[in-house]
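> A structural model of the following input is requested.
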Amino acid sequence: MLKNIRKIHIEWGDCDPMGIVFYPRYFAWFDACTAALFARAGLPKHVMLKTYDIIALPLVTTSAKFLLPSRFGDEIVVETTITEFRRSSFDVSHRVLNSSELAIEASETRVWTGKHPDDPTKFKGLPIPSEVIARFKD
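Have a look, this model is predicted:
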């Protein structure tokens, strides 16, 4: 599967009073890393939303296992891949490395969503197009 690698320099504002990354920052980075993976596959978010008439890729499940802390001044590397596609949802894996050591293992489940046909204030899971899935195969 296609992989995206993103380097992130830990800034002062990313950290809590103990000087380690405040955990919600990771989830913001994971969201950006998922978008970067789609862009690497030739599907930048603004183009993908318009091309496939979807409204979002909402997160429905997430988890993270924090193994090592990252601190102000560190540079981490986030490796992002899609591990499984289903009809309308997919799983994303994020591995965070700090000095080549595994610091975090995280996962997400997201849904390919469009407007609900009967109620424009709601959304609905849609089948992921096969040509989208094909872009992530090696």
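
> low-confidence stretches in the protein?
Counting by pLDDT under 70, the ranges of the chain that qualify are 138.

> C-alpha coordinates for the lengthiest helix in it, PDB please?
Looking across the chain with DSSP state H, the single longest helix is helix 24-40. Extracted in PDB, the C-alpha atoms of helix 24-40 (Å, rounded to 0.1, in the frame of the first residue of the first chain):
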ATOM      1  CA  PRO A  24      -4.500  16.300  21.000                       C
ATOM      2  CA  ARG A  25      -1.800  17.700  18.800                       C
ATOM      3  CA  TYR A  26      -1.100  14.200  17.500                       C
ATOM      4  CA  PHE A  27      -4.700  13.800  16.400                       C
ATOM      5  CA  ALA A  28      -4.500  17.100  14.500                       C
ATOM      6  CA  TRP A  29      -1.300  15.900  12.900                       C
ATOM      7  CA  PHE A  30      -2.800  12.500  12.000                       C
ATOM      8  CA  ASP A  31      -5.700  14.300  10.300                       C
ATOM      9  CA  ALA A  32      -3.200  16.300   8.200                       C
ATOM     10  CA  CYS A  33      -1.200  13.200   7.500                       C
ATOM     11  CA  THR A  34      -4.300  11.400   6.200                       C
ATOM     12  CA  ALA A  35      -5.000  14.300   3.900                       C
ATOM     13  CA  ALA A  36      -1.300  14.300   2.800                       C
ATOM     14  CA  LEU A  37      -1.600  10.600   2.000                       C
ATOM     15  CA  PHE A  38      -4.600  11.200  -0.300                       C
ATOM     16  CA  ALA A  39      -2.700  14.100  -1.900                       C
ATOM     17  CA  ARG A  40       0.300  11.800  -2.500                       C
END
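
> give me the buried positions along it.
Within helix 24-40, the residues scored as buried using 16 or more other CB atoms under 10 Å are 25-26, 29-31, 33-38, 40. For every residue, glycine as well, the C-beta is placed using N, CA and C.

> go on, stretch 4-20?
Residues 4, 6, 8, 10, 14-15, 20 are the ones in stretch 4-20 that count as buried (16+ other CB under 10 Å).
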